[in-house]
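# below are the sequence and a predicted model for it; my questions follow.
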Amino acid sequence: MATIIVIGAGLGGMSAAYELKAELKQHDIILINNKPDFEFTPSNPWIAVEWRQRQQVSLPIEPYVSKKSIRFIASGLQQLNAEQKQIVLENGQTLNYDFLVLCTGPELAFDEIPGAGPELGGSSSVCTLTHAEHCRNSVHELINEPGPVIIGAMPGASCFGPAYEYAFILDKHLRDNKVRKSIPMTFVTCEPYIGHLGLNGVGDSKGMLESELRQRDIHWICNAKTVGIADGKIEIDELDEEGNVKKHHSLPYKHAMMLPAFRGIAPLRAVEGLVNPRGFVFIDEYQRNPKYPHIYAAGVCVAIPPVNKTPIPTGVPKTGYMIESMVRAITFNIKAELAGELPTAKATWNAICLADMGNTGAAFVAMPQIPPRNVAWFKKGKWVHLAKIAFEKYFLHKMQVGETEPVYERLLLKYLGVDKLE
């Protein structure tokens, strides 16, 4: 009997544990996470404006995975000994593995910008459920005492969708509370243009998102290099196309939600040959690390080169559909290896994203994610808002019952009206 350890219990890790157990019933599947609950991260912007509460978007992991005979350990990873195929946990446990699946997600690099992040109080975040609750408190203060709002993404960010989503959701929330007229809003992003999204744009994402911001009286600054946050101001260098400082902005704010750059978690950064300089895991076409082929990886912790060079570094997003595809490939490849066969399954690296805008929404599809593409479009409508609500419901249900069918594919085939996603 083989031991397969999955580290991380987010969208990718939970799916991986369920799929591996479904395909490899006779083997020992261990799921490890640094907290006892699963959190549905895409709902965090709703948490920040009280459209959701914690209990609606999270659930305890152990009661559900144990029903599928998956062992669960609530502890963070302290050390990975890749040569010995062994891990050490923060709770003191040492575990050996035959295969390791890394779904650790990112470490949030707030420390790269002086004063940034909820811990220092300089800016809010919706990257975690706890951060979103902290952000909610800041929104309360904003409504009681209106002032300028800054929303966006700092240098090196790779997940831009939640920033746009939060800007539109907060705009509606402020209008519902009849205080929007007293609150100027500015969108500040390291992207070279609105709608770049770390993907060099998708369809008419530039034109459509500019139009949506303009209709809501949200101003924007692109090529914005956040250099510090202090004394109620965000200091920003706006760069030109050559990377030179074009203008410096000192923006006062009452409420700021700025997404940080990501990097790999510290235990992975300590393993030579496993990760790139930012700590993201190198993988081959079968999701395996080239140096340590018994280590697989999926999701945000995977290394993907930038789509194009930009004046300020921008990372590449890893969307839910892509992550589910990675997990499925990993499952089939580990199954093949245990049967003495070579891995052959490859993930479909398509980007599909649903962004809520309060009472409408926007969706983009890039197939494949990296240009040139077979399909590239960006559309909006109330159907996206409804699709995201449905996706939240479907995925939480999947986590409770241990369903292995990819939710993104099932849901999006329905809403996109196509026969298959290739």
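Done, it's in.
# when you work out contacts or count neighbours from here on, use the C-alpha atoms and nothing else.
Will do.
# how is the protein divided into domains?
Following automatic domain parsing, one finds the domains of the chain at 3-108+263-348, 110-262.
# these into TSV, with extra columns for distance to Ile389, mean pLDDT and mean neighbour count?
Converted to TSV, the domains of the chain look like this (distance: least, C-alpha to C-alpha, whole Å; pLDDT from 0 to 100; neighbours: other C-alpha atoms under 10 Å):
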stretch	distance to Ile389	mean pLDDT	mean neighbour count
domain 3-108+263-348	9	97	20
domain 110-262	14	97	20
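# so which of these comes closest to Val407?
domain 3-108+263-348 (8.2 Å; C-alpha to C-alpha).
# next one: that closest one to chain centre, how far?
13 Å (C-alpha atoms, centre = their mean, to the nearest Å).
# start to end distance for that domain?
27 Å (C-alpha to C-alpha, to the nearest Å).
# do the same with stretch 259-272
Start-to-end, stretch 259-272 (C-alpha to C-alpha) is 28 Å.
# for stretch 253-267, same thing?
Counting by C-alpha to C-alpha, the terminal residues of stretch 253-267 are separated by 36 Å.
# quick one: which of the domains of the chain is nearest Lys380?
domain 110-262 (8.5 Å).
# what about the closest one, how long is it end to end?
9 Å.
# for it, what is the distance to the chain centroid?
17 Å.
# separation between Tyr284 and Met326?
That one is not Tyr; residue 284 is Asp. From Asp284 to Met326 the distance is 12 Å (C-alpha to C-alpha).
# could you do Ile221 as well?
Applying C-alpha to C-alpha, the value for Ile221 to Met326 is 35 Å.
# show me where the stretch 151-300 of the chain has strands.
185-189, 218-221, 224-230, 233-239, 245-252, 255-259, 262-263, 295-297 (DSSP state E, counting those that start in this stretch).
# could you dump those to JSON lines with distance to Asn144?
Converted to JSON lines, the strands of the stretch 151-300 of the chain look like this (distance: least, C-alpha to C-alpha, whole Å):
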{"stretch": "strand 185-189", "distance to Asn144": "16"}
{"stretch": "strand 218-221", "distance to Asn144": "21"}
{"stretch": "strand 224-230", "distance to Asn144": "22"}
{"stretch": "strand 233-239", "distance to Asn144": "20"}
{"stretch": "strand 245-252", "distance to Asn144": "18"}
{"stretch": "strand 255-259", "distance to Asn144": "12"}
{"stretch": "strand 262-263", "distance to Asn144": "33"}
{"stretch": "strand 295-297", "distance to Asn144": "45"}
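# just so I know, which of those strands lies nearest Pro114?
Of all the strands of the stretch 151-300 of the chain, strand 224-230 comes closest under C-alpha to C-alpha, at 4.8 Å.
# other residues contacting that closest one?
113-116, 122-123, 154-155, 188-191, 234-239, 312 (C-alpha atoms under 8 Å, 6 or more residues apart in numbering).
# can you do 7 Å?
113-116, 122, 154-155, 188-190, 234-239, 312 (C-alpha atoms under 7 Å, 6 or more residues apart in numbering).
# list the contacts of Ile150.
Met185, Thr186, Phe187, Val188, Tyr253, His255, Ala256, Met257.
# same check, this time on Phe187
Ile150, Ile151, Gly152, Ile218, His219, Trp220, Ile221.
# in a helix, Pro146, correct?
No. Assigned with DSSP: H, G, I helix; E, B strand; the rest coil, Pro146 falls outside any helix and is coil.
# now it, what are its backbone angles?
phi -60, psi 150 (degrees, to the nearest 10).
# my read: it touches Ser182, true?
Yes. Taking C-alpha atoms under 7 Å as the definition, Pro146 is a contact partner of Ser182 at 6.1 Å.
# and Gly381, how far from Phe364?
From Gly381 to Phe364 the distance is 12 Å (C-alpha to C-alpha).
# neighbour-wise, which of the two wins?
Between Gly381 and Phe364, counted using other C-alpha atoms under 10 Å, the more crowded position is Phe364 (19 against 14).
# how many neighbouring residues does Ala390 have?
Ala390: 12 neighbours (other C-alpha under 10 Å).
# quick one, grab the pLDDT at it.
Predicted confidence (pLDDT) for Ala390: 86.
# show the contacting residues for it.
The neighbourhood of Ala390, defined by C-alpha under 7 Å, 6+ apart, contains no residues.
# now the helices: where do they sit in the stretch 101-250 of the chain?
Taking DSSP state H, counting those that start in this stretch as the test, the helices found in the stretch 101-250 of the chain are 129-144, 161-176, 205-215.
# out of these, nearest to Asn359?
helix 161-176 (8.2 Å).
# phi, psi for the residue of the chain positioned farthest from its centre please.
Residue farthest from the centre of the chain, counting by C-alpha atoms, centre = their mean, is Gly340 at 34.5 Å. When read as degrees, to the nearest 10, the backbone of Gly340 gives phi 80, psi 20.
# is Asn96 in contact with Glu83, as I believe?
No. Using C-alpha under 7 Å as the test, Asn96 is too far from Glu83 to be in contact (11.1 Å).
# hang on, Ala387 in a helix?
Yes. Assessed with three-state DSSP, Ala387 lies in a helix.
# can you give me the pLDDT of it?
84.
# ok, now Leu416?
At Leu416, the pLDDT value in this model is 59.
# and Glu241, how far from Phe38?
42 Å.
# swap that for Phe110, sorry
23 Å.
# same check on Leu11?
Counting by C-alpha to C-alpha, the separation of Leu11 from Phe38 is 8 Å.
# and the contacts of Phe187, which is closest to Pro106?
Looking across the contacts of Phe187 and measuring by C-alpha to C-alpha, the closest to Pro106 is Gly152, at 18.4 Å.
# for the closest one, give the beta-bridge partners.
Val188, Met258 (DSSP bridges).
# surely it meets Thr189?
Yes. Between Gly152 and Thr189 there is a contact at 5.1 Å, judged by C-alpha under 7 Å.
# buried sites along stretch 363-381?
For stretch 363-381, burial by neighbour count (16 or more other C-alpha atoms under 10 Å) applies to 363-371, 375-376, 378, 380.
# now do the contacts for the closest residue to Ile323 other than its chain neighbours.
Distances taken as C-alpha to C-alpha, 6 or more residues apart in numbering put Gly299 closest to Ile323, at 5.0 Å, once the chain neighbours are dropped. Contacts for Gly299 were tallied using C-alpha under 7 Å, 6+ apart; they are Gly12, Cys103, Gly105, Lys318, Ile323.
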